[in-house]
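Engineer: please find the sequence and the predicted model below.
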Amino acid sequence: MNPILSSSLNSAIATNQLSLTSFKPLYVDQVSGLLDAAFGADRHNKSSYKLRETCQDIPELSQVVLHNDGDKPSIIAATIAFSQMQVGNAKALLLGPLAVDANFRGQGLGHYLMAATINQAIARAKVNAKADRWQFIILIGDLDYYAKIGFKRVPLGALDYPQPTDPNRILYLDIANNGLHNLMSQTKLPMLLNKPNFKG
Ligand SMILES: CC(C)(COP(=O)(O)OP(=O)(O)OC[C@H]1O[C@@H](n2cnc3c(N)ncnc32)[C@H](O)[C@@H]1OP(=O)(O)O)[C@@H](O)C(=O)NCCC(=O)NCCS
């Protein structure tokens, strides 16, 4: 997973003008503004948001890219969040929302942020295998965009995803050996996402 950044973003990262940092409560308004601009102010009605409400936040993996410009206040150039959910009897991560500020799009920042945070998730799952044995990552999005990071379409009917969701947009990425395919062979389909009141 080695996304290509534009040369200007590469040098912005090298000089710390752009920096990846964990989400903090002080960013909440800016992040909300970025997400409203990216997905619309009614984004909370989306099925992915409804599912996320039943998941457990993983704050360490929810990150922003800050744009630091001298004495000016920092701007949030991109944001990504992860939460944990249960799929059948397995633990998985739900990725999203991911958004890049319109002024920073088309330069590789979205793929860079995704690859960096997914690599952290894989590393964390290896170190702390019992607590964080996430087997795969699920998201709702356009395959054409996420395939560059390795995401594939979840086989139709495999997951009991909240409606309305276009099944072609339910994607997954295996991050441990016994990923989604192995789980599907052992579990009755469709697999339930989170038992009632699941919070980790
Ligand atoms: C989607 C988004 C995160 C991409 O961020 P970005 O930093 O511009 O992405 P990258 O620079 O890493 O990748 C850009 C490439 O992805 C393509 N791309 C962008 N959005 C796409 C989409 N929805 N479907 C397919 N391809 C897409 C671009 O055309 C570009 O292709 P190219 O490299 O061949 O020129 C950003 O446009 C955004 O925040 N959009 C609004 C929110 C959103 O739709 N998020 C989820 C996507 S399903």
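Structural biologist: Cool, the structure landed.
Engineer: use CA for all of it now, contacts and neighbours both
Structural biologist: OK.
Engineer: the ligand contacts on the chain?
Structural biologist: 38-39, 98-100, 105-111, 141-142, 144-145 (CA under 6 Å from any ligand atom).
Engineer: out of these, which is nearest to A123?
Structural biologist: Minimum distance to A123 across the residues of the chain next to the ligand is 18.1 Å, recorded for H111 (CA to CA).
Engineer: does the closest one touch T79 like I think?
Structural biologist: No - contact status for H111 versus T79: not in contact, 11.5 Å apart, counting by CA atoms under 8 Å.
Engineer: which one of those two is surrounded by more residues?
Structural biologist: More crowded of H111 and T79, by other CA atoms under 10 Å: T79, with 28 against 20.
Engineer: packing partners for whichever strand or helix holds the more buried one?
Structural biologist: Using DSSP states H and E, T79 sits in strand 75-87. Other helices and strands packing on strand 75-87, by 3 or more CA pairs under 8 Å, 6 or more residues apart in numbering; DSSP states H and E, are helix 28-39, strand 56-57, strand 63-67, strand 90-100, helix 109-127.
Engineer: what sits against the residue nearest to the spatial centre of the chain?
Structural biologist: Residue closest to the mean C-alpha point of the chain, counted by CA atoms, centre = their mean, is L95 at 2.4 Å. L95 is in contact with 80-83, 137-139, counting by CA atoms under 8 Å, 6 or more residues apart in numbering.
Engineer: what bridges to it?
Structural biologist: Beta bridges link L95 to F82 when assigned by DSSP bridges.
Engineer: wouldn't F82 be in contact with I58 here?
Structural biologist: Yes - contact criterion CA under 8 Å: F82 and I58 qualify, at 5.8 Å.
Engineer: show me the shaky parts of the chain.
Structural biologist: Scanning the chain for pLDDT under 70 picks out 1-2, 196-200.
Engineer: tell me which residue lies farthest from the centre of it.
Structural biologist: The C-alpha centroid of the chain is most remote from D71, which lies 30.9 Å away (CA atoms, centre = their mean).
Engineer: helix, strand or coil for it?
Structural biologist: Using DSSP: H, G, I helix; E, B strand; the rest coil, the structure places D71 in coil.
Engineer: roughly how far apart are it and the ligand?
Structural biologist: Distance of D71 to the ligand, computed by CA to the nearest ligand atom, to the nearest Å: 25 Å.
Engineer: ramachandran angles for that residue?
Structural biologist: With angles defined as degrees, to the nearest 10, D71 sits at phi -80, psi -10.
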